[in-house]
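Engineer: any chance you can model this:
(one chain, ligands or ions: 1)
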Amino acid sequence: MPVVPTREIIARAFRERYGVAAINVVNDLTMEAVLAAAEELRAPVIVQTSVKHVKMTGIDAMYAMWVEYAKAVSVPVALHLDHCPERDVISACLAKGWNSVLFDASKLSVEENKRQCIEVVAEARRHGADVEGEIEGFKRTEEMTGDEAEHVQRLETVVDFIAATGVDIFAPAIGNAHGTYKTTPHLDSQRVTDIVEATGTPVALHGGTGMTPEQFSDLIGRGCAKVNISTALKIAFMTSGFDFMTEHPGDYDPPKIFAAQRTAVMEMAKHHIRLFGSEGKAWT
Ligand code: 13P
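Structural biologist: Below you'll find the model as predicted:
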């Protein structure tokens, strides 16, 4: 079971300038399908869990699922807790064995975010885990106004936050958002270069669903070693189920629907792994 520290997966990708797909899963089927896609393409992958799905499934059940499914693959994989403002959920996931967490205190002041993030990093280290940090927060795509890239902290603030907290990965706002973009987003890619040059810290690219192949390769080349995909999985999972029922009216045999959904999620994951240049990059 090659579960490795998130830091290790990201450090290689950052050095060699490819992107690791960090894909949010919603249940057992999608977790297994993402891992199977990575195995098929010999790619490292990060499986992400949202606070909502951790609570929905239960932390013990979700972790048990992870342990069992990860046993079946031979490529480097890690389990990550996405956007979590709740310190008790962070503590519980770290204690259980998650490899990394995104401490999302973007609603707090930068000073308070920094103070708490220092504590989260210390706690993570005690468990051999890693931390992603953010100070700006991300909108949903439906809330976008077009001037997202302008509402960001100064570079000095970012540099100070990363140095003071010791986060392993930083997630900056560059005009990206979560959800389905109405049009191709205008991204401040120079900001990624500025942060990487000033700190040497790998960057997490959020809001990956709907970015163009050119945007991915440009941003990965600048240091976005972790590329987050969530909405694309939800779309693949839900529409494949809907399509199956439309094409097979009256066929209520769940395993048949599940097979269609697994194929769709695997195809979606493989598409992004190839796009990010991580196919064949497994070293275990
Ligand atoms: P999308 O839902 O836009 O793919 O964003 C994923 C993400 O950034 C998760 O943190």
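Engineer: pLDDT wise, what is residue 151 at?
Structural biologist: For residue 151, the model assigns a pLDDT of 73.
Engineer: would you mind listing what in the stretch 101-250 of the chain touches the ligand?
Structural biologist: Contact residues, the stretch 101-250 of the chain versus the ligand (C-beta under 6 Å from any ligand atom): 178, 179, 206, 207, 208, 209, 228, 229, 230, 231, 232. The way it works is simple: take the backbone N, C-alpha and C, and place the C-beta from them, glycine included.
Engineer: quick one, which of those residues are buried?
Structural biologist: Among those, the ones that count as buried by 16 or more other C-beta atoms under 10 Å are 178, 179, 206, 207, 208, 209, 228, 229, 230, 231, 232.
Engineer: narrow these to those in helices?
Structural biologist: Taking DSSP state H, the ones among those that sit in helices are 231, 232.
Engineer: in a markdown table, list the buried ones among the residues of the stretch 101-250 of the chain next to the ligand along with distance to residue 258 and pLDDT.
Structural biologist: Putting those into a markdown table (distance: C-beta to C-beta, whole Å; pLDDT from 0 to 100) gives the following:
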| residue | distance to residue 258 | pLDDT |
| --- | --- | --- |
| 178 | 26 | 95 |
| 179 | 26 | 95 |
| 206 | 29 | 98 |
| 207 | 28 | 97 |
| 208 | 25 | 98 |
| 209 | 23 | 98 |
| 228 | 25 | 98 |
| 229 | 21 | 98 |
| 230 | 20 | 98 |
| 231 | 21 | 98 |
| 232 | 19 | 98 |
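Engineer: and the buried ones among the residues of the stretch 101-250 of the chain next to the ligand, which two are the farthest apart?
Structural biologist: Across these, no pair lies farther apart than 206 and 232, at 13.1 Å, counting by C-beta to C-beta.
Engineer: picking that back up, which of the buried ones among the residues of the stretch 101-250 of the chain next to the ligand sits closest to residue 14?
Structural biologist: Among these, and counting by C-beta to C-beta, the member closest to residue 14 is residue 228, at 15.3 Å.
Engineer: still on that earlier bit, out of the residues of the stretch 101-250 of the chain next to the ligand, list just those in strands.
Structural biologist: Using DSSP state E, the subset of these located in strands is 228, 229.
Engineer: in the stretch 1-150 of the chain, what residue lies closest to the ligand?
Structural biologist: In the stretch 1-150 of the chain, the residue that lies nearest the ligand is residue 82 (4.7 Å; C-beta to the nearest ligand atom).
Engineer: looking at the closest residue to residue 103 other than its chain neighbours now. What's its pLDDT?
Structural biologist: Leaving aside its sequence neighbours, residue 103 sits nearest to residue 120 (C-beta to C-beta, 6 or more residues apart in numbering; 4.5 Å). On the pLDDT scale, residue 120 is placed at 98.
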